[in-house]
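In: Requesting a structural model of the entry that follows:
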Amino acid sequence: MRFRYGRVIDMHCHPAGPGPGDQDLDWKQYKSEFFNIMQLAERERPLSLAKKMDEHGVHMGIGLCSIGLPNENDRIVEVVQQYPDRFPACFVGFNVPMPEPYKLDGEQVAKEMEPYLKMPEVKGVGEWPLMIAAGMEEWPALWARYRPIMDVIAENNVAVLFHTGVDPYPIGYPRTRGNGNPGMGASRAIHFSNPVFIDDIATEYPEVPLIIGHIGVQGFYYFGSYADMALLVAARHENVYLETSSAPLEVVEKAVCDPAIGPERVLFGSDSPAPYGHYRYRDKVYVSYMKEPPAHMPDHYKYDLAVIDQLPITDREREMILGENTARLLGLD
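Out: Coordinates of the predicted model:
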């Protein structure tokens, strides 16, 4: 599918990623599988991603980091500097202490991130999963550790893209049980994947553009409560935008038809080349992480562009979603 509309900008892609040796592959088997596919993608990117973009008429992509992984900020900035015509801007991330993410020091993270936020290529932070540093604490405790990060974001006048929704793999960390045997510690991954918490952030930082990635959905066809919460948060706050990767037509259509949101605050994204595939359910196609990640670069553009093309809106509004809104939000020429 090639679009006849104006400049198409992918608000959510990953032209850089973890390389071999950047992580502990013994942490958890599912993490090992995830990192293996990301390493395959690393060898293909960014030129293969640009080739996939060309196949679908996508002109540019905004490079995001996978927060929680080490050494990705330097790589994403390097990609933007090497290929400014294809990847004109990027968002950076921050490392999370493993295997004890709940020990994240927000003050230290803010200090380490600030030099990146002053770079002209860097337009924001993300994608930031709020569950990434969660243990079993409640939101006020987690937010207290995150607040210094938001403070430095606000001071530098950049945006944030939050990951929302959760994949089907359990998220925990190694611990020693009371009897001395090894075990796993739980984290409230599903709980903090809910976009509802972005409502608090939007209230406290109304001057910061906040982008809800996936519109509350990631990797599933059962998209009720989290997607509805994403829409409600966007309807309540003018500084909240919705990014479309993974979101099915029903969810995106709700957003553009809602007079409290509209096409002005919807941003096209693909999450390329994230390791999930697609499947059919009741004659509709949805995304899914499945039991094992695919061993190749998935074609997310085919799915996500088809969603935008089917929306009951004008071509002018489609142009806004496909690129103009992102260009305006990030100050791109």
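In: Every contact and neighbour count from this point should use C-alpha atoms.
Out: Will do.
In: Need the three-state assignment for residue 84.
Out: The local conformation at residue 84, judged by DSSP: H, G, I helix; E, B strand; the rest coil, is coil.
In: Now do it against residue 254, distance only.
Out: According to CA to CA, to the nearest Å, residue 84 stands 34 Å off from residue 254.
In: Same question for residue 265.
Out: Separation of residue 265 from residue 254 (CA to CA): 12 Å.
In: got it, and residue 88?
Out: 30 Å.
In: Who has more neighbours out of the two?
Out: Between residue 88 and residue 254, counted using other CA atoms under 10 Å, residue 88 has the larger neighbour count: 21 against 16.
In: Ramachandran coordinates for the nearest residue to the more buried one once chain neighbours are set aside?
Out: Nearest residue to residue 88 in three dimensions, chain neighbours excluded: residue 80, at 5.9 Å (CA to CA, 6 or more residues apart in numbering). When read as degrees, to the nearest 10, the backbone of residue 80 gives phi -60, psi -40.
In: Could you check the pLDDT of residue 80?
Out: pLDDT recorded at residue 80 is 95.
In: Give the full set of residues in contact with it.
Out: 63, 87-90, 121 (CA atoms under 8 Å, 6 or more residues apart in numbering).
In: so where's the stretch 101-250 of the chain shaky on pLDDT?
Out: Residue ranges of the stretch 101-250 of the chain with pLDDT under 70: 219-223.
In: ok but residue 194 is inside a helix, no?
Out: No - under three-state DSSP, residue 194 falls outside any helix and is assigned coil.
In: where's it relative to residue 73, distance?
Out: Residue 194 is 26 Å from residue 73, where distance means CA to CA.
In: One more: residue 211?
Out: Distance, residue 211 to residue 73, using CA to CA: 19 Å.
In: Ok, residue 121 next?
Out: Separation of residue 121 from residue 73 (CA to CA): 11 Å.
In: now do residue 151
Out: Applying CA to CA to residue 151 and residue 73 gives a distance of 19 Å.
In: Please tell me I have it right and residue 106 contacts residue 148.
Out: Yes - contact criterion CA atoms under 8 Å: residue 106 and residue 148 qualify, at 5.4 Å.
In: can you pull out the strands in this protein?
Out: 9-13, 60-63, 89-92, 122-129, 159-163, 172-176, 182-186, 210-213, 240-243, 266-267, 277-281, 284-288 (DSSP state E).
In: any chance of the ones you listed in TSV, plus mean neighbour count and distance to residue 322?
Out: As requested, those are arranged in TSV below (neighbours: other CA atoms under 10 Å; distance: least, CA to CA, whole Å):
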stretch	mean neighbour count	distance to residue 322
strand 9-13	28	6
strand 60-63	26	11
strand 89-92	28	16
strand 122-129	25	18
strand 159-163	25	17
strand 172-176	16	36
strand 182-186	14	39
strand 210-213	28	15
strand 240-243	28	10
strand 266-267	28	7
strand 277-281	15	22
strand 284-288	17	20
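In: Of all the ones you listed, which one is nearest residue 325?
Out: Closest approach to residue 325 among the strands of the chain is made by strand 266-267 (6.4 Å; CA to CA).
In: Count the neighbours of residue 140 for me.
Out: Using other CA under 10 Å: residue 140 sits among 9 other residues.
In: ugh, typo on my part, it should be residue 259
Out: When neighbours are defined as other CA under 10 Å, residue 259 has 10 of them.
In: And for residue 6?
Out: 17.
In: Leaving aside the residues adjacent along the chain, what's closest to it?
Out: residue 319 (5.9 Å).
In: ditto for residue 11
Out: Closest residue to residue 11 apart from its sequence neighbours, by CA to CA, 6+ apart: residue 269 at 4.7 Å.
In: For that neighbour, give me its contacts.
Out: 9-13, 243-245, 304.
In: again, only using 10 Å
Out: By CA atoms under 10 Å, 6 or more residues apart in numbering, residue 269 lies in contact with 8-13, 61-62, 213-214, 242-247, 300-301, 304-305, 321-323, 326.
In: Just want to check the distance between it and residue 195.
Out: Taking CA to CA, one finds residue 269 at 17 Å from residue 195.
In: Quick check, residue 229 in contact with residue 216.
Out: Yes - Residue 229 lies in contact with residue 216 (CA atoms under 10 Å); the separation is 7.3 Å.
In: Show me which of the two is the more surrounded one.
Out: Neighbour comparison, residue 229 and residue 216: the larger count goes to residue 216, with 31 against 19 (by other CA under 10 Å).
In: Take the strands of the chain and lay them out in a markdown table including distance to residue 116.
Out: What follows is the strands of the chain, written out as a markdown table (distance: least, CA to CA, whole Å):
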| stretch | distance to residue 116 |
| --- | --- |
| strand 9-13 | 19 |
| strand 60-63 | 14 |
| strand 89-92 | 7 |
| strand 122-129 | 7 |
| strand 159-163 | 13 |
| strand 172-176 | 29 |
| strand 182-186 | 32 |
| strand 210-213 | 18 |
| strand 240-243 | 23 |
| strand 266-267 | 24 |
| strand 277-281 | 33 |
| strand 284-288 | 33 |
